[in-house]
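Trainee: Here is the input, now give the coordinates:
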Amino acid sequence: MDDLIFNCWEELTKMVNGGLVEDIAVIGVLIGLQFFYAGNALSKWPTKVSLKLLAQFLLLSLGG
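Mentor: Predicted structure coming up:
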C-alpha cells in the first residue's frame, strides 16, 4: 500500500513540476476571458440569468 501511495505522489510531483498546473491555469484564464467577452457582446442584459443564457455564453466563448 505504501508503494502505491509513493508512486501516486511521485506521478503527481512530475505533473506539477512538468507544468501541468500552469497549463490548466492558462487554459482556464483564456476560457474565462472569452466568457467575459461573450457577455460584453450583449447590448442589453436580461434581468434574470437562466441556464439557457449561460449555455449560450459558454458556446459563444468556446466557439468564437
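
Trainee: Where in this protein is the helix or strand with the lowest mean pLDDT?
Mentor: Lowest on mean pLDDT, DSSP states H and E among the helices and strands of the chain sits helix 2-17, with a mean of 76.

Trainee: from the chain's centre, how far out does that helix sit?
Mentor: Taking CA atoms, centre = their mean, to the nearest Å, one finds helix 2-17 lying 24 Å from the centre of the chain it belongs to.

Trainee: which is the next helix or strand following it?
Mentor: helix 20-40 (DSSP states H and E).

Trainee: packing partners for the next helix or strand after that next one?
Mentor: Downstream of helix 20-40, the first helix or strand assigned by DSSP H and E is helix 51-63. Identification of packing neighbours for helix 51-63 by 3 or more CB pairs under 8 Å, 6 or more residues apart in numbering; DSSP states H and E yields helix 20-40. Placement of C-beta: from N, CA and C, glycine included.

Trainee: The residue positioned nearest the centre of the chain and residue 52, how far apart?
Mentor: A centroid search over the chain (CA atoms, centre = their mean) returns residue 28, at 3.4 Å, as the residue closest to the centre. Plainly put, residue 28 is 23 Å away from residue 52 if you go by CB to CB, to the nearest Å.

Trainee: thinking again about what came up before, name the residues of the least confident helix or strand of the chain that are buried.
Mentor: Buried residues in helix 2-17, counting neighbours by 16 or more other CB atoms under 10 Å, are absent.

Trainee: For that helix, which outside residues touch it?
Mentor: By CB atoms under 8 Å, 6 or more residues apart in numbering, the list of residues contacting helix 2-17 from outside reads residue 21.
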